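**Student:** my questions concern the predicted model and sequence given below.
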Amino acid sequence: MLRSGFVPGAGCVVSRSRGTMTDVSSDSRTTIIPMIMPRTMTAAGRTEPVGVDALLLVSFGGPEAPSDVMPFLRNVTHGRGVPDERLAQVAEQYRRLGGRSPINDQNRALLAALRAELAPLPVYWGNRNWSPFLVDALRAMRRDGVGRAACFVTSAFASYSGCRQYREDLARARAQLGPGAPELIKLRQYFDHPGFVLPMVDHVVDELATIPAASLARTRLVFVAHSIPLTQSADSGPDGDAYPRQLAAAAAVIVERVALRTGRRHPHDLVYASRSGPPSVPWLAPDVGDHLAALGSAGRTQAVVVVPIGFVSDHMEVIHDLDVMAAERARAVGLSFRRASTVGADPRFVTMVRELLDERRYGHRPRAALSPLGPGHDVCPLWCCAPRGPGRRLPAAAGVPADERPGQDTAGHRPDAPDSDVPDSDAPDGTAPGGDAPGSGPAPLETSDGAHRDICDVHDVGGGATVHNDVHKVGRP
Ligand SMILES: CC1=C(CCC(=O)O)c2cc3nc(cc4[nH]c(cc5[nH]c(cc1n2)c(C)c5CCC(=O)O)c(CCC(=O)O)c4C)C(CCC(=O)O)=C3C
Ligand SMILES: [Fe+2]
């Protein structure tokens, strides 16, 4: 059994024992959420130090050859009813890159940097959707005697797709492996950690430096994240709406830090890319392409710096949806287009992983966070980012033990939802994670050019709108 990562004396802290306690959520809402969590957790949602034998880099995965593309896409969309036309369209995007996603090589670079940073702690790598798969990584860990590993996920934000789904896939991999599968903990979300945000500040400043001085007064920062269904957005985090709020918080930090560096506070927007699923299901909007077209038509903007805040590397969705598709929409309306790089394997990002790890294994404080929203919980509470209401409820690893074995009595209901005993108005029966059924809460978003232009004009007026209006309409009363 490897012991290199253990704090002397801390290895005996085992998170299997349970106690009931009360957690007051970290935001200003006063919802008291009764839940089951490890006895090692404090009321602030933090844990006592816990030793680990390894770090597991957990990522999305991507195809490495043309023959991988369709099987990979089927893994990604398994059971979520993504239409064939959409898959064919995405397959075409991968084929344009020679059938090879850049994401695996980016993870190899991050893995090498993490190994150098964390040695002698062993670092493993596993993906949700493509080789090396999570189960292979867990098998290698079991072989090497790893009893407990900390998971670092290449997604900075809360949401089913960006957090819980990884934990569900980890639970499935543990179940597949069977006895001796390592115990897993997940490092916290890092959307406003300096190691994630400050490299992006540099990248934005770099892009602004390429824009002629005469255009800078009419340059907007356009923050982009992966769109998700509105129901998924409303369900994100322990008490809803965490995804758009975390995105807005991280964007606001970057805008302020850029202003400190350049002396100019650029107006900014938060928009979304890569939506899929049937048009009848509302997703976070506006789409980055529609937004750029509207900005161009409104005529008050000369240049944009697109900031892919929702992503940690320049993978396929970034280079295709932004550098190809969004850039084309900008060009068509005469907008000068720049795109800031993601963090990738920036040394500060690598150091951040060490800091997140040391928070958990040594109890290091303070936990760095640059926005008023962070730092968030160390351990995702029960049903964090899970769909509300009746529906598919899968076990999720690396959270509270009860989440890995959802109880019969609560299956289909999220106990912290105020209306968990009555049919849920915005999560119809059978709603799968990812949302296949239209929600009734927020009004479906118009994405036609005309309607969209109206929305854009609203936030052009102030010149510095933080979040697009529609995210405020999402979620619970
Ligand atoms: C929030 C979020 C992130 C950011 C957090 C994170 O990084 O995890 C993300 C990342 C990524 N998404 C990626 C690729 C894909 N995402 C898809 C589909 C979907 N993503 C969703 C959400 C997210 N996705 C959702 C709600 C769907 C539809 C329903 C479903 O199927 O769950 C599909 C299927 C086809 C399509 O519908 O577009 C593909 C191929 C790649 C790899 C890129 C590469 O290869 O370089 C990466 C990093
Ligand atoms: Fe995706």
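**Tutor:** Alright, I've got the coordinates. Everything quoted here is computed from the prediction, not taken from an experiment. Ligands and ions are numbered 1, 2, ... in the order given.
**Student:** pretty sure Leu177 is touching Leu138, no?
**Tutor:** Yes. Counting by Cβ atoms under 8 Å, Leu177 does reach Leu138; the two are 5.0 Å apart. Heads up, the C-betas are built off the backbone N, CA and C, glycines and all.
**Student:** neighbour count: these two, which is higher?
**Tutor:** The neighbour comparison of Leu177 against Leu138 (other Cβ atoms under 10 Å) goes to Leu138, with 25 against 18.
**Student:** pretty sure the more buried one is in a strand, no?
**Tutor:** No. Using DSSP: H, G, I helix; E, B strand; the rest coil, the assignment for Leu138 is helix, not a strand.
**Student:** could you number the chain from 509 rather than 1 from now on?
**Tutor:** Sure, I'll start numbering at 509, so the last one becomes Leu646.
**Student:** for it, which residues are in contact?
**Tutor:** Listed by Cβ atoms under 8 Å, 6 or more residues apart in numbering, the contact set of Leu646 reads Leu564, Gly634, Ala681, Arg682, Leu685, Ala689, Pro690.
**Student:** tally of neighbours for Gln597?
**Tutor:** For Gln597, the count of nearby residues is 11 (other Cβ under 10 Å).
**Student:** just Gln810 next, same as before
**Tutor:** For Gln810, the count of nearby residues is 19 (other Cβ under 10 Å).
**Student:** look up how far Thr770 lies from it.
**Tutor:** According to Cβ to Cβ, to the nearest Å, Gln810 and Thr770 sit 16 Å apart.
**Student:** so which residues of this protein form strands?
**Tutor:** 526-532, 540-546, 562-567, 631-635, 656-661, 691-694, 727-734, 776-781, 811-815, 844-847 (DSSP state E).
**Student:** now whichever helix in the chain runs longest against strand 811-815, angle please.
**Tutor:** The residue-count maximum for a helix in the chain (DSSP state H) belongs to helix 750-770. On the basis of axes from the mean of the first three to the mean of the last three Cα atoms, to 10 degrees, helix 750-770 is oriented at 130 degrees to strand 811-815.
**Student:** what helices or strands is helix 750-770 leaning on?
**Tutor:** Helices and strands touching helix 750-770, by 3 or more Cβ pairs under 8 Å, 6 or more residues apart in numbering; DSSP states H and E, are helix 702-716, strand 727-734, helix 738-742, strand 776-781.
**Student:** for ligand 1, what's its nearest residue on the stretch 659-808 of the chain.
**Tutor:** Ser784 (2.9 Å; Cβ to the nearest ligand atom).
**Student:** quick check: nearest residue in space to that residue, chain neighbours excluded?
**Tutor:** Excluding its sequence neighbours, the residue lying closest to Ser784 (Cβ to Cβ, 6 or more residues apart in numbering) is Arg594, at 5.0 Å.
**Student:** residues from the stretch 709-858 of the chain in reach of ligand 1?
**Tutor:** Residues of the stretch 709-858 of the chain lying close to ligand 1 by Cβ under 6 Å from any ligand atom are His734, Ile736, Ser782, Ser784, Gly818, His823, Met824, Glu825.
**Student:** mind redoing it with 8 Å?
**Tutor:** Neighbours of ligand 1 within the stretch 709-858 of the chain, by Cβ under 8 Å from any ligand atom: 733-737, 740, 751, 782, 784-785, 791, 818-821, 823-826.
**Student:** the residue nearest to Glu691 when sequence neighbours are not counted: how many residues sit nearby?
**Tutor:** Once flanking residues are discounted, Glu691 sits nearest to Arg656: 4.3 Å by Cβ to Cβ, 6+ apart. Arg656 has 20 neighbouring residues, counting by other Cβ under 10 Å.
**Student:** go on, Met833?
**Tutor:** Neighbour number of Met833 under other Cβ under 10 Å is 17.
**Student:** likewise Met649?
**Tutor:** 25.
**Student:** where in the stretch 809-958 of the chain is pLDDT low?
**Tutor:** Filtered on pLDDT under 70, the stretch 809-958 of the chain yields the residue ranges 899-900, 915-958.
**Student:** quick revisit: tell me the buried residues in the longest helix of the chain?
**Tutor:** Within helix 750-770, the residues that count as buried by 16 or more other Cβ atoms under 10 Å are 750-763, 765-766.
**Student:** which of the contacts of Leu646 ranks first by neighbour count?
**Tutor:** Neighbour tally across the contacts of Leu646 (other Cβ under 10 Å): the maximum, 28 neighbours, falls on Leu564.
**Student:** run through the bridge partners of it.
**Tutor:** On the basis of DSSP bridges, Leu564 takes part in beta bridges with Tyr632, Cys659.
**Student:** just checking, Trp791 touches Ser735?
**Tutor:** Yes. Counting by Cβ under 8 Å, Trp791 does reach Ser735; the two are 4.5 Å apart.
**Student:** could you list the contact residues of the stretch 559-708 of the chain toward ligand 1?
**Tutor:** Within the stretch 559-708 of the chain, the residues that sit near ligand 1 (Cβ under 8 Å from any ligand atom) are 567-571, 580-581, 584-585, 588, 590, 594-595, 598, 602, 609-611, 636-637, 661-665, 667-670, 673-674.
**Student:** residue contacts, the residue nearest to Met708 when sequence neighbours are not counted?
**Tutor:** Spatial nearest neighbour of Met708, chain neighbours left out: Ile762 (5.7 Å); criterion: Cβ to Cβ, 6+ apart. Contact analysis of Ile762 by Cβ under 8 Å, 6+ apart lists Val705, Met708, Val709, Val712, Leu729, Phe731, Val815, Ile817.
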